[in-house]
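S.K.: Need a 3D model of the sequence below.
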Amino acid sequence: MFIFANLILAIANILDTLLEIYKWIIIISAVISWVNPDPYNPIVRFLYAITEPVLRPIRRLIGFRLGPIDISPIIAILAIIFVQSFLIKSLIEFAYKLKGGNIAI
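M.R.: Here you go, the predicted model:
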């Protein structure tokens, strides 16, 4: 059973790291959007391609209710923090309970 617990721990750690990286990508994309970047720049295109699939549905759902301010990156970051706080920590606690050890988070 400890092998399954270690697998869950590894998955939880990888997901946490990927979510942390994606959170920083959203932050960088939001900061770059303030300076009117060149849309043909490969870095700008990469950031747009990787963040738009998440931000576009949020924008459709809430629109621009605060005027010209786009709060979709803030909502996406809050969702990531929620997933990290709830799902990832739950997976880690579940893995430690499978091991039968004490939880040290």
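
S.K.: Distance-wise, check Leu19 relative to Thr51.
M.R.: Spatial separation of Leu19 from Thr51 under the definition CB to CB, to the nearest Å is 14 Å. Using the backbone N, CA and C atoms, a C-beta is placed for each residue, glycine as well.

S.K.: Please say which of these two ends up with more neighbours.
M.R.: Neighbour count, other CB atoms under 10 Å: between Leu19 and Thr51, Thr51 has more, with 21 against 17.

S.K.: Helix or strand next in line after the helix or strand that that one is a member of, which one?
M.R.: Take DSSP states H and E as the rule and Thr51 turns out to sit in helix 42-62. Next in sequence after helix 42-62, counting helices and strands by DSSP H and E, comes helix 72-83.

S.K.: Surely Gln84 touches Asp16?
M.R.: Yes: using CB atoms under 8 Å, Gln84 makes contact with Asp16 at a distance of 6.0 Å.

S.K.: In the protein, where's the longest helix?
M.R.: Using DSSP state H to define each element, the chain has its longest helix at helix 2-33.

S.K.: Which residues in that one does the neighbour count mark as buried?
M.R.: Buried residues in helix 2-33, counted by 16 or more other CB atoms under 10 Å: 5, 8-9, 12, 16, 19, 22-23, 26, 29-30.

S.K.: For the helix holding Thr51, buried residues please.
M.R.: Result for helix 42-62 [16+ other CB under 10 Å]: buried residues 47-48, 51, 54-55, 58.

S.K.: just curious, which of those residues is nearest to Tyr40?
M.R.: Closest approach to Tyr40 among the buried residues of helix 42-62 (CB to CB): Tyr48, at 11.1 Å.

S.K.: how far away is the closest one from Ile77?
M.R.: Distance, Tyr48 to Ile77, by CB to CB: 17 Å.

S.K.: Next: Ile62.
M.R.: Using CB to CB, Ile62 is found at 14 Å from Ile77.

S.K.: thought Thr51 was touching Trp24?
M.R.: No: using CB under 8 Å, Thr51 makes no contact with Trp24, being 11.1 Å away.
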